[in-house]
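*Asks:* Can you look at this prediction? I've put the sequence above it.
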Amino acid sequence: MSKHKTRSHAVLFILAVGVAACSQKTEQYMIPAGSGPGVAVRADTHSNFKTIFEFDGAYGGSDPTAGLIAKGTDFYGTTTVNGLFGNGNVYRLSDGHEKVLHSFNYDGHGSNGKLLLLGESLYGTSAGGGARNRGTVFSVRLAGKVNWVHSFKGSPDGEYPSGPLVDLNGALYGTTEYGGNGGACENYTCGTVFKMSTSGSENVIYNFHGGDGWGPQSGLIKINGLFYGTTKYGGQPGNGVVFSLTPAGKEEVVYAFSPENQPSDGRFPNGLVALNGTLYGSTVLGGPHDDGTVFSVTPDGKERVLHSFGSKGDGSVPEAALIVYKGKLYGTTSAGGTGNGTVFEVSTSGAEHVLHDFTGRTDGSTPLGSLLELNGKLYGTTSEGGATIGGAGTVYELTP
């Protein structure tokens with residue numbers, strides 16, 4: 001087992017938590033505003049970084065593990081716990097003020113994937129909750145009304161969807177970490193890729209079997225009519241794969257990561273991003289220090305490690321998908337640096353630079369969600385840290 005503690009299965013153990021006083025900056029449809037800690041914008045000691053919001057750990061939610069999306073100048077995201085019922089929220093952030101659009105009750109908990117905006121509706125996944133406590137896909141109007149919730153059964157339709165959704169021709173596609181009819185993978189069924197209509201009707205288009213990967217936790221990307229994605233585990237060595245999939249459900253393994261005793265190329269890959277026809281991603285662990293890597297892989301399976309984490313304070317354990325901005329790759333590590341994670345930049349030739357080293361104080365700690373680029377600035381969330389008691393997480397802005 002790894003020396004590092006990751007959050008891969010944390011959503012399976014989320015417990016309901018008590019709800020305390022509401023922040024004065026958080027609006028809730030069912031709860032009047034109360035008093036609480038302020039969330040004013042404050043500058044970090046680094047001039048290119050500032051915290052723009054701190055979660056209150058109460059009605060406003062805590063532990064935002066998903067990245068942000070934007071519409072205009074408003075941000076949308078999810079928290080995994082707290083809120084009205086203890087199971088997290090869907091929220092909007094406008095000018096440093098939070099409005100809770102929906103508090104999860106039995107309709108989901110552990111929403112870890114970035115939201116998808118189509119028209120006036122937000123679509124997302126929750127790894128737990130639903131009618132059978134096997135996870136959900138949900139639709140919430142921007143005004144806050146829940147349109148529908150699909151509850152997974154386990155078999156045959158999958159269970160524990162933890163990645164974001166992607167749309168293709170008006171349909172939603174996503175992955176479930178377990179479930180389906182693909183056989184047993186270390187006492188679990190191996191996971192699925194599913195297709196869902198925007199009204200909530202779902203069908204499985206692929207079942208993983210193990211040798212082709214298992215445990216997909218990240219979302220899919222679209223390139224030239226194909227989906228590409230990763231599984232956290234499986235493949236012949238067992239440390240995860242990069243795969244391609246047609247919309248009709250034909251899967252091929254593009255690259256399988258090396259055995260655990262030879263993890264130079266990384267193990268347990270995250271989501272992918274594409275640049276000039278090449279796929280880029282990160283692995284949670286592996287590399288010479290077993291602290292994770294950034295890699296590239298071509299659609300025909302030629303893989304190259306661009307950077308290995310774990311030296312000179314550059315961070316460790318990257319758990320989020322990368323983004324591309326002006327020809328460079330940007331991402332976060334959930335640990336390392338001085339101990340609370342980093343924001344980093346990597347060129348396609350492998351030159352890496354730390355943009356911010358989290359202190360665990362007002363700037364936050366343990367960033368787990370992918371970044372968002374908007375008007376030349378990067379925005380992200382930290383799942384912990386901030387000025388509130390217990391460190392409920394933050395939203396930050398960084399100029400690269």
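*Replies:* Yep, it's here. Numbering: from 1, shown residues only.

*Asks:* now the strands: where do they sit in the stretch 251-400 of the chain?
*Replies:* 251-256, 267-275, 278-285, 293-297, 303-308, 323-325, 328-333, 342-346, 352-357, 372-374, 377-382, 394-398 (DSSP state E, counting those that start in this stretch).

*Asks:* Buried residues, the first one. List them.
*Replies:* Buried positions in strand 251-256, judged by neighbour count with 16 or more other Cβ atoms under 10 Å: E251, V253, V254, Y255, A256. In this view, the C-beta of every residue, glycine as well, is placed from N, C-alpha and C.

*Asks:* How far does that strand sit from its chain's centre?
*Replies:* Strand 251-256 sits 22 Å away from the centroid of its parent chain (Cα atoms, centre = their mean, to the nearest Å).

*Asks:* just checking, what packs against that strand?
*Replies:* Counting contacts by 3 or more Cβ pairs under 8 Å, 6 or more residues apart in numbering; DSSP states H and E, strand 251-256 is packed against strand 241-245.

*Asks:* Need the CA coordinates for the strand it packs on. CSV is fine.
*Replies:* These are the backbone C-alpha positions of strand 241-245, laid out as CSV (Å, rounded to 0.1, in the frame of the first residue of the first chain):
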residue,chain,number,x,y,z
VAL,A,241,-5.1,3.0,-17.8
VAL,A,242,-5.8,5.6,-20.4
PHE,A,243,-8.6,4.4,-22.6
SER,A,244,-10.6,5.5,-25.7
LEU,A,245,-14.3,4.8,-26.2
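
*Asks:* Now distance to F227 too, for the strands of the stretch 251-400 of the chain, in TSV please.
*Replies:* Below are these laid out as TSV (distance: least, Cβ to Cβ, whole Å):
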stretch	distance to F227
strand 251-256	9
strand 267-275	10
strand 278-285	12
strand 293-297	15
strand 303-308	19
strand 323-325	18
strand 328-333	21
strand 342-346	24
strand 352-357	29
strand 372-374	22
strand 377-382	25
strand 394-398	30
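
*Asks:* Please produce CSV containing those strands, extended by distance to L118 and mean pLDDT.
*Replies:* Output for those, formatted as CSV (distance: least, Cβ to Cβ, whole Å; pLDDT from 0 to 100):
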stretch, distance to L118, mean pLDDT
strand 251-256, 26, 96
strand 267-275, 19, 97
strand 278-285, 25, 97
strand 293-297, 29, 97
strand 303-308, 33, 96
strand 323-325, 20, 98
strand 328-333, 25, 98
strand 342-346, 29, 97
strand 352-357, 31, 96
strand 372-374, 17, 98
strand 377-382, 21, 98
strand 394-398, 23, 98
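
*Asks:* With G110 as the reference, name the closest of those strands.
*Replies:* Counting by Cβ to Cβ, G110 lies closest to strand 377-382 out of the strands of the stretch 251-400 of the chain; the figure is 15.1 Å.

*Asks:* Mind listing the strands that closest one pairs with, and their directions?
*Replies:* Sheet pairing of strand 377-382 (DSSP bridges) gives strand 372-374 (antiparallel), strand 394-398 (antiparallel).

*Asks:* what angle do it and strand 328-333 make?
*Replies:* Interaxial angle, strand 377-382 versus strand 328-333 (axes from the mean of the first three to the mean of the last three Cα atoms, to 10 degrees): 20 degrees.

*Asks:* And strand 377-382, what's buried?
*Replies:* Here strand 377-382 shows L378, Y379, G380, T381, T382 as buried, counting by 16+ other Cβ under 10 Å.

*Asks:* contacting residues for the last one?
*Replies:* Spelled out, it's T382. By Cβ atoms under 8 Å, 6 or more residues apart in numbering, T382 lies in contact with P64, G341, F358, D363, G364, S365, T366, P367, L368, G393, T394, Y396.

*Asks:* Please repeat the previous calculation with a cut-off of 7 Å.
*Replies:* F358, G364, S365, T366, P367, G393, T394, Y396 (Cβ atoms under 7 Å, 6 or more residues apart in numbering).
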